[in-house]
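[1] This is a predicted model, with the sequence first.
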Amino acid sequence: MRTEWLDERLRADLVAWRRNLHACPELGFQEHRTAAFVAERLRRFGLEVRAGVAQTGVVAMLGREGPVVLARADMDALPIQEESEVDYRSQTPGVMHACGHDGHTAMLLAVARLLAARTDEIRGRVKFMFQPAEEEHGGALPMVEAGVLTDPPVQAAFACHLWNDLDVGKIGVRSGAMFAATDALEITVSGQGGHGAAPHQTVDAVLAACQVVTLLQSVVSRSVNPLRAAVVTIGAIHGGGAPNIIPPEVRLRGTIRSFEPDVRETVLARVREVAEGVCAAAGARAEVCLTAGYPATVNDPEMVDLVRAAAADVVGWDNVVELDPSMGGEDMAFVLQRVPGAYFAVGSRNEARGLSLPHHNPRFDFDEEALSVGAETMAHVLDATLRKFAR
Ligand code: NI
């Protein structure tokens, strides 16, 4: 592995920053300490910094003229009680960096530090986007709405995620759709309540809701081309409270995942038709509420080529691997919807050291060597992209 831009001091800082952030995790839109930590260091590196963008976001600019490329990190933690015994474990009860965003923030700080030391060689400008609230609320869209991509206009955008499904020392890339579009689904089934011993005097919302759940599983299998992908999951059912009472109402909640806009449209339309049709047949009524979440995260093939080449410079071609798409969602999608770019994965698993638990696990941790690999790769990606635009 060649992390030649990063010297020993910066490698040590990178780990220290990550551990500092790990010990003080903050939930979405509450990243006040984290944002201050980031802004203070960026200013020290000589960057022009704007804090308080979309509440707790930080934007910084490096370089004076030329094309602009953007690199993004997410700063938020999760509502999980950390169970690890490491000395940098979370000091905040019930909140934990269990996804690696502490590492993302530290890596992007290192990238800023690296490129700030090479401003004479950089062929344009780099904008740094430290965003709040990736996990649930979506901090990327309010930052986009606050003008992060337009003032001045950004020509390409990149982000990465530490990846415990991939060994440390490897970089995962993918051309096209990488993460799914997410839509929330809520169905209220209304019938007519009554005695459990006299169902003929009722319209049974429980039975109708059960049929809705069952038939929703035919939407993907019968209405979507089997060579394309989608998911319909009902994750919550609420209704009734006693064994001998038929309740008047049952509520179902779920999530819908898809990659292509036409598949998404088909699935959303069919979910509504099935729920309403099944309930009508039972004499009940369905109120269907579909709420758009994140769009699909789609990587630009040309930008992915740049990432592949830059990653190969750092880890070697043998360690650049092609990833399968994931049905997970990622709000970098709002950025990549507007400007070409790429999202890549930085391998962080080390089985031998017991660092292989999945993200969002209360004992999640990763091999910190991944931080150097990720920072060096991102710096090379940004440099290469500016060189391409300058040609
Ligand atoms: Ni994450």
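    Done, it's in. Residues are numbered from 1 along each chain as shown.

[2] pLDDT below threshold where in the protein?
    Low-confidence segments of the chain, defined by pLDDT under 70: 1-3.

[3] rerun at 80
    Residues of the chain meeting the criterion pLDDT under 80: 1-4, 136-137, 391.

[4] Report the contact partners of the spatially most central residue of it.
    Averaging the C-alpha coordinates of the chain gives a centre point, and the residue nearest to it by CA atoms, centre = their mean is E330 (2.8 Å). Taking CB atoms under 8 Å, 6 or more residues apart in numbering as the criterion, E330 is in contact with E134, H161, M178, F179, Y294, T297, Y343. C-betas here are computed from N, CA, C, even on glycine.

[5] OK, contacts around the second one?
    Think H161. Taking CB under 8 Å, 6+ apart as the criterion, H161 is in contact with G100, H104, E330, Y343, F344, A345, V346.

[6] Check the third one too.
    If a contact means CB under 8 Å, 6+ apart, then M178 has T297, V298, N299, L323, P325, S326, E330, Y343 as its contacts.

[7] If you rank those by neighbours, which is first?
    Of the contacts of M178, T297 is surrounded by the most neighbours, 28 neighbours in total, counting by other CB atoms under 10 Å.

[8] how much space is there between it and K388?
    Separation of T297 from K388 (CB to CB, to the nearest Å) stands at 22 Å.

[9] follow-up on the earlier one: just the ones in strands from the contacts of M178, please.
    Of the positions in the contacts of M178, T297, V298, N299, Y343 sit in strands, assigned by DSSP state E.

[10] circling back: columns distance to V373 on top of the contacts of M178, output as CSV?
    Compiled in CSV, the contacts of M178 are given as follows (distance: CB to CB, whole Å):
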residue, distance to V373
T297, 21
V298, 25
N299, 19
L323, 16
P325, 22
S326, 20
E330, 20
Y343, 16
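
[11] Span of stretch 44-55 from start to end?
    22 Å (CA to CA, to the nearest Å).

[12] Could you do stretch 73-86 as well?
    Length of stretch 73-86, first residue to last, CA to CA: 24 Å.

[13] list the buried ones in that stretch?
    By neighbour count, and taking 16 or more other CB atoms under 10 Å as the criterion, the buried residues in stretch 73-86 are A73, D74, M75, D76, A77, L78, I80, E82, S84.

[14] Return the closest of those residues with respect to D167.
    Top of the list for closeness to D167, among the buried residues of stretch 73-86 and by CB to CB, is S84 at 20.7 Å.

[15] That closest one sits in which helix or strand?
    S84 belongs to no helix or strand when assigned by DSSP states H and E.

[16] so how far is T92 from it?
    14 Å.

[17] for the lengthiest strand in the chain, which positions count as buried?
    Taking residue count as the measure and DSSP E as the definition, the longest strand of the chain comes out as strand 156-167. Applying a neighbour-count criterion of 16+ other CB under 10 Å, one finds A156, A157, F158, A159, C160, H161, L162, W163, N164, L166, D167 buried in strand 156-167.

[18] And stretch 181-195, by the same measure?
    Along stretch 181-195, the positions that meet the burial threshold by neighbour count (16+ other CB under 10 Å) are A181, T182, D183, L185, I187, T188, V189, S190, G191, G193, G194.

[19] all helices of the stretch 51-200 of the chain, in order?
    Using DSSP state H, counting those that start in this stretch, the helices of the stretch 51-200 of the chain run over 101-116, 140-145.

[20] okay, the angle between the first one and strand 156-167?
    In other words, helix 101-116. Helix 101-116 and strand 156-167 are oriented at 130 degrees to each other (axes from the mean of the first three to the mean of the last three CA atoms, to 10 degrees).

[21] just how off-centre is helix 101-116 within its chain?
    Centre-to-centre, helix 101-116 and its host chain are 18 Å apart (CA atoms, centre = their mean, to the nearest Å).

[22] packing partners for it?
    Judged by 3 or more CB pairs under 8 Å, 6 or more residues apart in numbering; DSSP states H and E, the packing partners of helix 101-116 are helix 8-23, helix 32-44, strand 57-62, strand 68-74, strand 125-131, strand 156-167, helix 369-390.

[23] between it and helix 369-390, how big is the angle?
    Interaxial angle, helix 101-116 versus helix 369-390 (the same axes, to 10 degrees): 50 degrees.

[24] Just the CA trace of helix 101-116, in PDB.
    Backbone C-alpha positions of helix 101-116 (Å, rounded to 0.1, in the frame of the first residue of the first chain) are rendered in PDB as follows:
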ATOM      1  CA  HIS A 101     -18.900   8.600  10.400                       C
ATOM      2  CA  ASP A 102     -16.300   9.500  13.000                       C
ATOM      3  CA  GLY A 103     -13.800   8.000  10.600                       C
ATOM      4  CA  HIS A 104     -15.400   9.800   7.600                       C
ATOM      5  CA  THR A 105     -15.100  13.200   9.400                       C
ATOM      6  CA  ALA A 106     -11.400  12.500  10.400                       C
ATOM      7  CA  MET A 107     -10.500  11.300   6.900                       C
ATOM      8  CA  LEU A 108     -11.900  14.400   5.200                       C
ATOM      9  CA  LEU A 109     -10.100  16.600   7.700                       C
ATOM     10  CA  ALA A 110      -6.900  14.800   6.700                       C
ATOM     11  CA  VAL A 111      -7.700  15.300   3.000                       C
ATOM     12  CA  ALA A 112      -8.100  19.100   3.700                       C
ATOM     13  CA  ARG A 113      -4.800  19.100   5.500                       C
ATOM     14  CA  LEU A 114      -3.000  17.100   2.700                       C
ATOM     15  CA  LEU A 115      -4.300  19.300  -0.100                       C
ATOM     16  CA  ALA A 116      -3.700  22.500   1.900                       C
END
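
[25] let's number from 46 now, not from 1
    Renumbered: residue one is now 46, and that last one reads helix 146-161.

[26] got the angle for that helix vs strand 102-107?
    Per the same axes, to 10 degrees, the angle that helix 146-161 makes with strand 102-107 is 20 degrees.
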